[in-house]
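Undergrad: Have a look; sequence and predicted model below, questions after that.
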Amino acid sequence: MAASAAFEEIAENFELFDDWEDRYRYVIELGRAMPPLPEARRTAAAKVEGCVSQVWLVPELRRDGQGRDCLHFEGDSDAMIVRGLIAVLHALYDGQPLAEIPGIDARAELGRLGLDQHLSAQRSNGLKAMVRRINDLATASNAA
C-alpha cells in the first residue's frame, strides 16, 4: 500500500537535510505544529504502554466518502521528540481505512526516514509500542 501524501511530504523533506541534528529538529517542529491533546483526553485508556515518555493516542472512527470506516487519531507526549514521532505516525496512519491499516508496513516506511537507525533503543521501543497500539486499535475497531 502506498504511503499517504502527508507521509511522502515528510519523507521528501527528510531528504533535504544533510545531518541528523537537522532531521531531529524537523521532527520536533512537526510535533510543535500538532494541536495539544486536551488534559481531559489524557486518560489511562489512551496512554500507550511501553513508552518511557508519557504518550497518549486517542482514536476516532469516521466514515469516508466511500462508506469505509477510517481511523483518525489525536496524540500527545510530554517529550518533544516523541510528540514529533506521533506527528510522523499521524501522517502515516490518520484517515486510512481500518481494513488497510494492517497492510501498512510501518517498519519499512519509517525505515525510509532512517528512524530505525537513528533513534535510541528506548525511543525505538516506544515508537514500536505506538505502531502496535495503532494496529491494535484498527483491529479492535474492525472487529466491532
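TA: Noted; the coordinates are in hand.

Undergrad: When you work out contacts or count neighbours from here on, use the C-alpha atoms and nothing else.
TA: Noted.

Undergrad: Please enumerate residues in contact with the helix ranked longest in the chain?
TA: Longest helix in the chain, counting residues (DSSP state H): helix 121-143. In this structure, residues lying in contact with helix 121-143 by CA atoms under 8 Å, 6 or more residues apart in numbering are 48-52, 59, 71, 82, 85, 89, 98-99, 101-102, 106, 116.

Undergrad: same deal with stretch 7-23?
TA: When contacts are taken as CA under 8 Å, 6+ apart, the neighbours of stretch 7-23 outside the stretch itself are 88, 91-92, 112-113, 118.

Undergrad: what about 6 Å?
TA: Outside of stretch 7-23, the residues within contact range by CA atoms under 6 Å, 6 or more residues apart in numbering are 91-92.

Undergrad: what's the offset of stretch 123-138 from the middle of its chain?
TA: On the basis of CA atoms, centre = their mean, to the nearest Å, stretch 123-138 is displaced by 8 Å from the centre of the chain it belongs to.

Undergrad: and that stretch, what's its mean pLDDT?
TA: Averaging pLDDT along stretch 123-138 gives 92.
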